[in-house]
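J.: Next input, structure requested:
(chains A and B, ligands or ions: 2)
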Amino acid sequence: MGKKTDSSQVIVVTSGKGGVGKTTVVANLSTGLAQLGYMVAVIDLDIGLKKLDLILGLENRVIYDIVQVVEGVCTLKQALVKDKRYPGLYMLPAAQTRNKDDITAEQVQRIVDELRQSFDFIFIDCPAGIEQGFKNAIFAADRALVVTNPEVSAVRDADRITGILENENFKNIRLLVNRIRPEMVKNGDMLSVEDLMEHLCLDLIGIIPEDQNVVISTNRGEPIILDEQAPSGQAFRNIVHRLIGEEVPFPNFDIKPSLFQRIKDSLFKK
Amino acid sequence: MIDLLKKLFKDDSESKSRSAANDRLRIVLTNDRLNLSQDVLDSIREEIIQVIANHIDIAGVPEVTIITEGRQSAVDISIPLKPKGR
Ligand SMILES: Nc1ncnc2c1ncn2[C@@H]1O[C@H](COP(=O)(O)OP(=O)(O)OP(=O)(O)O)[C@@H](O)[C@H]1O
Ligand SMILES: [Mg+2]
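T.: Ligands and ions are numbered 1, 2, ... in the order given. Now for the predicted structure:
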């Protein structure tokens, strides 16, 4: 199987705050692109706390890891784990018993450069925080997806990350809002997607609703994007199409009071 | 008219936690980006007022605010001056 495109996109998925959904995003977008026939590699850089193998359901196939590649114990090709569903999807596992300083940004860069020859998309799953692991993850990337949740603490960290990415001259930074609950936004009890875009001054790549199906599919090691019915699966498919350059309209998750309602309210208030 | 328009397009849940979150974020993000605390802002104001006051009489209360436009910010200082000879 060969590449579909001449070039490669190297995308780092990052957030600052932990647990907002980075690994879930990497697993789903990579699976979605592989489903469309692209050659996709995912690199787990959360060394010491790896989870991508579990979320992709590939934990039993892991033999080598990225630190062993760097140390010359095995070749890059030997370390790549083939997905069980799609022939174009490969994962480079993180080491579980090492730490983030066991690898340098330049070493990651060399691995990424080698992967560019065979893959259309290369995703880098970034660890939480802004320390060495984060620096390793962003160094080799062409573009960044900043994942956040509609919560003040997640937004604050996303802003910190965005500031660092801009200082590193990232031109292509897009916002991915995860775990939005439209009914709470509507009731005025959750930050809306527009609020987040305004605070972070970032363009949107996608909106994933809170969806209990994510938990269920993660239990099984099957990315939710494979589920034709789940709302979050559809939301991930939309992002996949945006990544390959298609225009996909954003669903209206921010249900606002109707204009009529607002006119009425403003006329009769105070 | 502008006020009416603003009202129409503003969300009408002033007292809800969403607007509290927005207000708090606005302040915290500005401070984070500039690496400035309210304390530092207060001392900047005091020092600037002092410099001006050494030469001109100040009338009323000076205002120091941070204006944000996208991710860029500016310090806006407004110092009312006392007209001469009255
Ligand atoms: N849209 C969603 N709806 C419901 N649950 C979700 C959603 N997205 C993520 N989750 C759940 O949130 C948890 C954290 O997700 P994930 O591991 O992808 O975050 P992370 O940012 O990679 O975390 P870490 O910083 O620890 O690497 C998981 O249990 C996942 O199933
Ligand atoms: Mg993760």
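
J.: can you pull out the helices in the stretch 51-200 of chain A?
T.: A:52-55, A:66-70, A:76-79, A:105-116, A:132-139, A:152-167, A:182-186, A:193-200 (DSSP state H, counting those that start in this stretch).

J.: Of the ones you listed, which is nearest B:L34?
T.: helix A:152-167 (10.6 Å; C-beta to C-beta). From N, CA and C alone the C-beta is placed, and that goes for glycine too.

J.: Name the nearest residue to A:R160, ignoring sequence neighbours.
T.: Residue nearest to A:R160 in three dimensions, not counting chain neighbours: A:G16, with 5.4 Å by C-beta to C-beta, 6 or more residues apart in numbering or on different chains.

J.: returning to what we had before: output the helices of the stretch 51-200 of chain A in a markdown table; the columns should cover mean pLDDT.
T.: Putting the helices of the stretch 51-200 of chain A into a markdown table (pLDDT from 0 to 100) gives the following:
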| stretch | mean pLDDT |
| --- | --- |
| helix A:52-55 | 96 |
| helix A:66-70 | 97 |
| helix A:76-79 | 98 |
| helix A:105-116 | 98 |
| helix A:132-139 | 96 |
| helix A:152-167 | 96 |
| helix A:182-186 | 94 |
| helix A:193-200 | 96 |
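
J.: quick one: the nearest residue in space to B:K16 that is not next to it in sequence and A:H199, what's the gap?
T.: Nearest residue to B:K16, sequence neighbours excluded (C-beta to C-beta, 6+ apart): A:G188, at 3.0 Å. Relative to A:H199, A:G188 is positioned 17 Å away (C-beta to C-beta, to the nearest Å).

J.: How about chain A: which residue is closest to ligand 2?
T.: The minimum distance from chain A to ligand 2, using C-beta to the ion, falls at A:T23 (3.3 Å).

J.: Just give me the neighbour total for that residue.
T.: Residues lying near A:T23 (other C-beta atoms under 10 Å in any protein chain shown) number 26.

J.: just to revisit the earlier point, quick check: the residue nearest to A:R160 is in a helix.
T.: No. Under the criterion used here (DSSP: H, G, I helix; E, B strand; the rest coil), A:G16 is coil, not part of a helix.

J.: about what we covered before: right, and the helices of the stretch 51-200 of chain A - which one's nearest A:V12?
T.: Minimum separation from A:V12 across these (C-beta to C-beta) falls at helix A:132-139, 5.2 Å.

J.: which secondary structure elements does that closest one contact?
T.: Applying 3 or more C-beta pairs under 8 Å, 6 or more residues apart in numbering or on different chains; DSSP states H and E, one finds that helix A:132-139 contacts strand A:9-14, helix A:105-116, strand A:121-125, helix A:152-167.

J.: Can you check my assumption that the residue of chain A closest to ligand 2 lies in a helix?
T.: Yes. Counting by three-state DSSP, A:T23 is part of a helix.

J.: hang on, it packs against A:D46?
T.: Yes. Assessed by C-beta atoms under 8 Å, A:T23 is found in contact with A:D46 at 7.4 Å.

J.: which ones are touching residue 18?
T.: With no chain named, the answer covers chain A. By C-beta atoms under 8 Å, 6 or more residues apart in numbering or on different chains, A:G18 lies in contact with A:128-129.

J.: try chain B instead
T.: A:185, A:188-192, A:195, B:11.
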